[in-house]
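[1] After the sequence you'll find the predicted model.
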Amino acid sequence: MGSPQSTRPEPSGFTRRLVRIAIVGLPLLGLVLATWTPTTAGAANEAHVRTPVLWLPTPACGVVVERTPGLSLHLEYELPLEDTTLTPDELDDSRTHQFFGFCRQRPATELLPNWITRDDLDRSVDAGFLDPAPAGLLVPLDEDPNWAGCFTRLTPDDARRPITFDSAAAGVDWKLDGLPIGVWSVAGYTFEPDLNLWSPRPGFTKIVDDLGDPDQDLPALALVAGQQTLKAGTVIDLAGCADVITPATVTLEWSPFVPDLDWHAADVHSLDRQTLDRHRVAEGSLSLPFTVPSDVSGEILIRAHIEDALGRRYTAHAPSRFAVEPCAPDCGGETGSETGDSHSDGAGGCSATRRAPRSGPTVVLFALLLGTGRLRRRGRAGSTRPV
């Protein structure tokens, strides 16, 4: 079996390119301004919007990989535009992309380090992008205790990729040999000092060596509901996907969007056949009802804890914050979906399939119908399935 080839057509004309720049550029400008700090000494390209890795429109919500030696997971991405023209004061490897895997998810208030290595920082200081004293207080990813032993490079530092359509068309091959089993998330990184940029990939990647071993079959969960405005006191449906040994429990929580998060319990869902059938709304769609608090207004974050039949837990965070409109005087009795039968616009769809492992309890899959992950084989055949 040959390796699948990744292709990407050139953008179809000037209009399409303008639309992409408009869609991506405005949110990114907000991110750039949010990550700017007064430690910056100044660079000519500060006003240049950093070019992200675009995982949309077809990332799998989740993929489970039963690994074999030499196997690589092929990930695809695209670009809003090519970005290779450096200003005179930029580093030689500026305007490049790199890719990382992380062993846990994080809330929106926990920013990933803006730098990868101490060398990146030192070179930026030498180039005059950063003042030396404040830069010495910055902690790169390599030295951050919060991520020690919890990240892996999909691409090396000395092979950061040019931001070109050809590079994006090739995709990224994630070599899985030596990677600890578990549930991983992926992010792209735009290196353009001093304002570098992260582009998280939605969903999860679950790596195991033997799906028949319950000790390896850890619970996995992702929430994919995008940013939206909610009405206090109603019930919405959170789209997502999971791979878990049942019977399992999902606990939904919310917190005001503030630096010190204060989590409050919202809803608890038991994942068994009856519950899944009750919340199925159409062929191939499934969601988790979430009760929007009636006494809250402003922005909130949502997370979910999933606990499997063996008592193991995993935490997933919704990728975006939600704006909650104030509750009307009589909204205490209003709900959009008391039993999960009514669904909010734009919640997204999840498909539900069930698999029986070689040993152990029944496993339930929530699969978001957004696409699939693919394996590129570099040895004995392995297996993968989208979730």
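    Perfect, I can see it now. Numbering: from 1, shown residues only.
[2] Model confidence for the closest residue to Leu211 other than its chain neighbours, exactly?
    Leaving aside its chain neighbours, Leu211 sits nearest to Glu66 (5.2 Å; criterion: C-beta to C-beta, 6 or more residues apart in numbering). Just so you know, the C-beta spots here come from the backbone N, C-alpha and C atoms, and that holds for glycine as well. We have a pLDDT of 95 for Glu66.
[3] Quick check: Glu66 vs Ser72, distance?
    Look at Glu66 and Ser72: by C-beta to C-beta, to the nearest Å, they are 14 Å apart.
[4] got the residue ranges for the strands in the stretch 1-150 of the chain?
    Here the stretch 1-150 of the chain has its strands, by DSSP state E, counting those that start in this stretch, at 62-66, 72-75, 96-102.
[5] Tell me which of those sits nearest to Asp144.
    strand 96-102 (11.4 Å; C-beta to C-beta).
[6] hmm, back to that, counting neighbours, go ahead and name the busier of Glu66 and Ser72.
    Ser72 (21 against 18; other C-beta atoms under 10 Å).
[7] Just the helices from the protein, written as ranges.
    Taking DSSP state H as the criterion, the chain carries its helices at 14-35, 118-126, 132-135, 165-170, 273-279.
[8] Considering those helices, which stretch scores lowest in mean pLDDT?
    Looking at those, the bottom one is helix 14-35 with a mean of 44.
[9] what about this protein, any weak spots by pLDDT?
    For the chain, the stretches with pLDDT under 70 are 1-44, 56-60, 273-286, 328-382.
[10] Pro180 touches Gly101, doesn't it?
    No: Pro180 is not in contact with Gly101 according to C-beta atoms under 8 Å; the separation is 10.3 Å.
[11] Mutual contacts of these two, please.
    Counting by C-beta atoms under 8 Å, 6 or more residues apart in numbering, no residue touches both Pro180 and Gly101.
[12] Tell me which of those two has more neighbours.
    Set Pro180 next to Gly101 and count neighbours by other C-beta under 10 Å: Gly101 wins out with 22 against 10.
[13] before we move on, the earlier item: surely the residue nearest to Leu211 and Gly212 touch.
    No: counting by C-beta under 8 Å, Glu66 stays clear of Gly212, with 9.2 Å between them.
[14] Can you report how many residues neighbour Thr84?
    Number of residues near Thr84 (other C-beta under 10 Å) recorded here: 12.
[15] That one against Arg95, yeah?
    Yes: with contacts counted by C-beta under 8 Å, Thr84 reaches Arg95, the gap being 6.2 Å.
[16] so what sits against both of these two?
    Joint contacts of Thr84 and Arg95 (C-beta under 8 Å, 6+ apart) are 162-163.
[17] ok, back up a step: JSON lines for the strands of the stretch 1-150 of the chain, including distance to Pro156?
    Shown next, in JSON lines, are those (distance: least, C-beta to C-beta, whole Å):
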{"stretch": "strand 62-66", "distance to Pro156": "21"}
{"stretch": "strand 72-75", "distance to Pro156": "14"}
{"stretch": "strand 96-102", "distance to Pro156": "8"}
